[in-house]
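1. A structural model of the following input is requested.
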Amino acid sequence: MSLTVAVQMDPIQNIRIAGDTTFALLLEAQRRGHTLVYYTPDRLSMQGRRVTARVERLSVQDVEGAHFTLAPPERIDLAEADVVLMRQDPPFDMAYITATHMLERIHPETLVVNDPFEVRNAPEKLFVLDFPELMPPTLISRDKAEIEAFRLEHGTVAMKPLHGHGGAAVFKVTEKDPNFGSMFDLFATTFREAWVVQRYLDRVTEGDKRIILVDGVAMGAVNRVPAANDIRSNMVRGGAASASELTEREREICATIGPELAGRGLILVGIDVIDGHLTEINVTSPTGIRAIQRLGGPDLSAAVWDAIESRIAARKGV
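-> Take a look at the predicted model:
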């Protein structure tokens, strides 16, 4: 089965291929003989019922600094593609939401991964609240009295913006932290939406595990340990990655949420687990595939493409 695959992503010349999940997906698609075309979100257009993009034919190779070749641009109707990979990084802002509305017009006849309707309706730090029994105590609010009451009940907390990403603006706030008032003022002037306030998990120092699920099934994991002077485990913030297996508790978490993910058409998902507590469900542009492979695990991009091809074959009756 040869497919035309359009990838909507950030500028390909800027990615670091050693850790980029989108690049892993492109390598595997090309290996399978699929045709790749590339565009950035600003080149997405809609006129009437037609959703188009100014794309460039793409070929890739796993060579840092020489990892892509582009053909001259051309305008195509995205309904003519078999698959669109929606892989631009957050922020999850109105530009991101607008792109989901546009791509929803062609899905599922053109398979958009992940389903744009479900991406729009599953913000990472809100969707996870559908599973409170798996989480640490969590408050979504910008009301100072509510936050202070939550701190009084739970002690030290982690505080972060609701639609933040990549570990940006994540703070540890102790029970009697003298900086809380200033931090509240800073958040209030910087972020219009509510914030996430979560009981702080001391064992984050042992790692924040990223688990990759494909079509609702746990496929692999990488443990990310914060640097000695930081609470954030994100690898872009200096977190150190190590190979990891799933614990019984983590398998229980995946078994609980997996059917919901598959039912929503969320083919590629990355969840974050700290000390047996689910903290986020990442559906926009989850990463981790390259890290898992680099540390001796399987290349999960193959499993992703198996799932995509299976869905397309079922739709076409192949």
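2. now do the phi/psi pair for the spatially closest residue to Phe171 that is not a sequence neighbour.
-> Nearest residue to Phe171 in three dimensions, chain neighbours excluded: Met159, at 5.0 Å (C-beta to C-beta, 6 or more residues apart in numbering). Where you see a C-beta, it was placed from the backbone N, CA and C, and this is true even at glycine. The phi and psi torsions at Met159 (degrees, to the nearest 10) take the values phi -130, psi 130.
3. one more: Met94?
-> In terms of degrees, to the nearest 10, the main-chain angles of Met94 are phi -70, psi -30.
4. that one: neighbour count?
-> Burial of Met94, expressed as a neighbour count using other C-beta atoms under 10 Å, amounts to 8.
5. so the residue nearest to Phe171 touches Leu186, yeah?
-> No - Met159 is beyond contact range of Leu186, at 10.4 Å (criterion: C-beta atoms under 8 Å).
6. who has more neighbours, those two?
-> Summary of the neighbour comparison: Met159 and Leu186, criterion other C-beta under 10 Å, with Met159 having more neighbours (22 against 13).
7. residues in contact with the more buried one?
-> Taking C-beta atoms under 8 Å, 6 or more residues apart in numbering as the contact definition, Met159 lies against Ile147, Val170, Phe171, Val173, Met183, Phe187, Trp195, Val196, Val197, Gln198.
8. just list whatever residues bridge to the fourth one.
-> Looking back up the chat, that one is Val173. Taking DSSP bridges, one obtains Val157 as the residues bridged to Val173.
9. ok, Ala99 to Asp115 distance?
-> Between Ala99 and Asp115 the computed distance is 13 Å (C-beta to C-beta, to the nearest Å).
10. those two: which has the busier surroundings?
-> A direct count of neighbours by other C-beta under 10 Å for Ala99 and Asp115 places Asp115 higher, at 22 against 19.
11. just give the nearest non-adjacent residue to the more buried one, would you?
-> The spatial neighbour of Asp115 that comes closest, neighbours along the chain excluded (C-beta to C-beta, 6+ apart), is Gly265 at 3.4 Å.
12. show me the contacts for the one you found.
-> The contact partners of Gly265, by C-beta under 8 Å, 6+ apart, come to Pro108, Asn114, Asp115, Glu118.
13. that one in helix, strand or coil?
-> Under the three-state scheme (DSSP: H, G, I helix; E, B strand; the rest coil), Gly265 adopts coil.
14. please apply the same query to Ile292.
-> Secondary structure of Ile292, per three-state DSSP, is helix.
15. again with the one 5 residues further on
-> Secondary structure for Gly297, judged by three-state DSSP, is coil.
16. contact partners for the residue nearest the centre of the chain?
-> Taking C-alpha atoms, centre = their mean as the criterion, Pro286 is the residue nearest the geometric centre of the chain, at 2.6 Å. If you count contacts by C-beta under 8 Å, 6+ apart, Pro286 has them with Thr21, Ile212, Leu268, Val269, Gly270.
17. Arg57: which of the residues you listed is nearest?
-> Among the contacts of Pro286, Thr21 lies closest to Arg57 (C-beta to C-beta), at 21.7 Å.
18. sitting in helices, which of the contacts of Pro286 do you find?
-> Using DSSP state H to define helices, the subset of the contacts of Pro286 located there is Thr21.
19. TSV for the contacts of Pro286, including distance to Ala240?
-> Formatted as TSV, these follow (distance: C-beta to C-beta, whole Å):
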residue	distance to Ala240
Thr21	18
Ile212	18
Leu268	24
Val269	23
Gly270	18
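20. where does the prediction get shaky in this structure?
-> Within the chain, the set of residues satisfying pLDDT under 70 comprises 235-238, 318.
21. alright, that wraps it up for me.
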